[in-house]
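Asks: no sequence for this one, just the structure:
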């Protein structure tokens with residue numbers, strides 16, 4: 001009877017262990033999905049504002065204070081974006097946003113991070129970069145935007161953007177720099 005009880009306990013422990021491992025895997029998957037949903041703009045696939053603010057605090061403010069590393073923050077919005085939505089419809093506006101997001105992801109691959117800041121605004125952070133380098137990067141990016149052909153409804157659409165940029169200054173808050 002001791003052997004039977006011992007065998008039963010082992011079976012229960014093995015079953016419980018297997019079930020808890022499966023449940024832990026599901027919880028990790030759910031948590032990863034929740035984190036993605038909380039940090040990524042669903043339309044563009046870019047970081048969202050909350051995620052970018054965390055990135056700025058962790059990777060720009062803290063790094064600059066310790067390493068004296070430079071960073072450039074640029075914010076831009078699409079010129080006359082309302083006309084895309086008003087004339088062609090909101091699906092066209094969404095297409096413009098997703099095409100620009102793809103361009104930004106490609107352009108920023110080894111330079112820093114990009115986020116959809118809100119509406120038609122985007123925030124770019126060039127890490128380990130001074131203001132002159134940031135200006136050079138922005139000129140190249142603006143040139144690439146001007147060369148973009150966005151196809152929608154049988155038409156080719158052109159987009160321009162206006163940007164402002166500033167070198168990170170530890171004497172100012174990130175919010176003040178962005179403003």
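Replies: Received the coordinates, thanks. Treat the numbers as computed from the prediction; the structure is a model and nothing was measured.
Asks: Only C-alpha atoms from now on, for both contacts and neighbour counts.
Replies: Noted.
Asks: Which residue ranges of the protein form strands?
Replies: Remark: strands assigned in the chain by DSSP state E are 71-78, 112-118, 121-127, 150-152, 155-157, 161-167.
Asks: which parts of the first one are buried?
Replies: Of the residues in strand 71-78, those with enough neighbours to count as buried (16 or more other CA atoms under 10 Å) are 71-78.
Asks: just the last one next, same as before
Replies: In terms of neighbour count (16+ other CA under 10 Å), strand 161-167 has its buried residues at 161, 163, 165-167.
Asks: quick revisit: nearest to residue 47, of the strands of the chain?
Replies: Smallest distance to residue 47 across those (CA to CA): 4.5 Å, for strand 112-118.
Asks: coming back round to it: pick out the most distant pair among the buried residues of strand 161-167.
Replies: 161 and 167 (19.7 Å).
Asks: that older thread, please name whichever of the strands of the chain is nearest to residue 39.
Replies: Evaluated over the strands of the chain, closeness to residue 39 peaks at strand 112-118, with 9.8 Å, by CA to CA.
Asks: now that closest one against strand 71-78, angle please.
Replies: Interaxial angle of strand 112-118 relative to strand 71-78 (axes from the mean of the first three to the mean of the last three CA atoms, to 10 degrees): 40 degrees.
Asks: Check the offset of stretch 6-19 from the chain's centre.
Replies: 45 Å (CA atoms, centre = their mean, to the nearest Å).
Asks: Please read the previous query as pertaining to stretch 125-143.
Replies: The answer for stretch 125-143 is 18 Å, by CA atoms, centre = their mean.
Asks: likewise stretch 138-150?
Replies: Using CA atoms, centre = their mean, the offset of stretch 138-150 from its chain centre is 20 Å.
Asks: follow-up on the earlier one: please convert the strands of the chain to JSON lines, extending it with mean pLDDT and distance to residue 93.
Replies: Listed next are the strands of the chain as JSON lines, based on pLDDT from 0 to 100; distance: least, CA to CA, whole Å:
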{"stretch": "strand 71-78", "mean pLDDT": "96", "distance to residue 93": "10"}
{"stretch": "strand 112-118", "mean pLDDT": "96", "distance to residue 93": "13"}
{"stretch": "strand 121-127", "mean pLDDT": "96", "distance to residue 93": "13"}
{"stretch": "strand 150-152", "mean pLDDT": "95", "distance to residue 93": "10"}
{"stretch": "strand 155-157", "mean pLDDT": "95", "distance to residue 93": "11"}
{"stretch": "strand 161-167", "mean pLDDT": "96", "distance to residue 93": "14"}
